[in-house]
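In: Following is a predicted model, sequence given first.
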Amino acid sequence: MSSSRLGVLVLALLLLTATLLGGCESTHQHLLAQGYPPAYADGFDDGCGSGRQAAGSISGEFRKDVPRYLREATYASGWGDGFEQCRSMARSEERRRFEERQWNDRDDDWQRDRDRALARALRER
């Protein structure tokens, strides 16, 4: 695994943990509190919304300050990290919901088959 991918995964885990523990504190505020530069936090925030939108989430909105992205490496780095993390999290959540629906459908099918078999057995008595 490349070091940049590993870095994004570590950042994702840290931010997920921070979000769960931080309650109402925004990711932007959390990044600033952790000592990240404001430009990075701004980029991360913009990239995160863009990543959610790229993953097909209704809550995502593409945002990118292109002149700032081209001029400030810190903003660009934050934007890229935010985009990747939030896109991955949105995809993961969608996959989890899909798998949950699959299991629920299987449970429903099993329950229906069991009920039909029981009804047949009772009718044959």
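Out: That came in fine, so what should we check first?
In: pLDDT on stretch 56-70, on average?
Out: Here stretch 56-70 scores 83 as its mean pLDDT.
In: Quick one: end-to-end distance for it.
Out: 26 Å (CA to CA, to the nearest Å).
In: and that stretch, how far from the chain's centre?
Out: 16 Å (CA atoms, centre = their mean, to the nearest Å).
In: any residues touching it, and which ones?
Out: By CB atoms under 8 Å, 6 or more residues apart in numbering, the surrounding residues in contact with stretch 56-70 are 39, 42-43, 45-47, 49-54, 75-76, 79, 86, 90, 94. Quick note: C-beta positions are derived from backbone N, CA and C, even for glycine.
In: Sketch out the low-pLDDT regions of the chain for me.
Out: Residue ranges of the chain with pLDDT under 70: 1-25, 57-60.
In: how about Ala55, phi and psi?
Out: Phi and psi for Ala55, reported as degrees, to the nearest 10, are phi -80, psi 0.
In: same question, Arg63
Out: Per-residue torsions, Arg63: phi -140, psi 130 (degrees, to the nearest 10).
In: For it, which non-adjacent residue is spatially closest?
Out: Nearest non-adjacent residue to Arg63, counting by CB to CB, 6 or more residues apart in numbering: Asp46, 4.2 Å away.
In: my guess is Phe44 contacts Leu31, does it?
Out: Yes. Phe44 is within contact range of Leu31, at 6.0 Å (criterion: CB atoms under 8 Å).
In: When the two are compared, which one has more neighbours?
Out: Taking other CB atoms under 10 Å, Phe44 and Leu31 do not tie; Phe44 has more neighbours (27 against 24).
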